[in-house]
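Novice: here are the coordinates; sequence isn't available:
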């Protein structure tokens, strides 16, 4: 359990570090009335082999990882909430790649991860639909990302 927490912490630090300093990573948030959605997209080669192994993520220059966190605004501090995510990535040729998210829990934090194949120089339009636990109103999130080989 300690190894998993340390690995997840390394994953998160790595994601935010790359988001702050590298053009190949993107970290953003979308605000809704009662929720804030944070999302990060990176090439899986940015993960260390240990972190990738701990979370069953395949490292490759042709794979990307999407990390989504859904926070409830009505609590102080904001807390992660369970959610069901679905979505797709669409390239400029209108080719669709469905996204399959899996939840990873670390203490009170809940991370929703999805992997997908990407090509160098490819731009993808991500379209996510998020249903928080106990709600029947979906939170729509859209963003674009261009991928580069590391």
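Specialist: All right, it came through fine. Values in this document were obtained by computation on a predicted structure and should not be read as measured data.
Novice: Give me the residue at the spatial middle of this structure.
Specialist: Within the chain, the residue whose C-alpha comes closest to the C-alpha centroid is residue 67; the distance, by C-alpha atoms, centre = their mean, is 1.4 Å.
Novice: Okay, and the beta partners of that residue?
Specialist: residue 40, residue 113 (DSSP bridges).
Novice: Also residue 142?
Specialist: residue 127.
Novice: Counting neighbours, what do you get for it?
Specialist: Using other C-beta atoms under 10 Å, residue 142 is surrounded by 10 other residues. In this view, the C-beta of every residue, glycine as well, is placed from N, C-alpha and C.
Novice: So it is in contact with residue 130, correct?
Specialist: No. Residue 142 is not in contact with residue 130 according to C-beta atoms under 8 Å; the separation is 11.6 Å.
Novice: quick revisit: the residue nearest to the centre of the chain reaches residue 46, doesn't it?
Specialist: No. Because the distance of 11.5 Å does not satisfy C-beta under 8 Å, residue 67 is recorded as not touching residue 46.
Novice: If you average pLDDT per helix and strand, which one of this structure comes out bottom?
Specialist: Taking mean pLDDT, DSSP states H and E as the measure, the helices and strands of the chain show their lowest mean at helix 2-21, namely a mean of 46.
Novice: how about the strands in the chain?
Specialist: For the chain, strands defined by DSSP state E occupy the ranges 26-31, 35-43, 63-72, 79-80, 83-91, 96-100, 102-106, 109-117, 123-132, 139-146.
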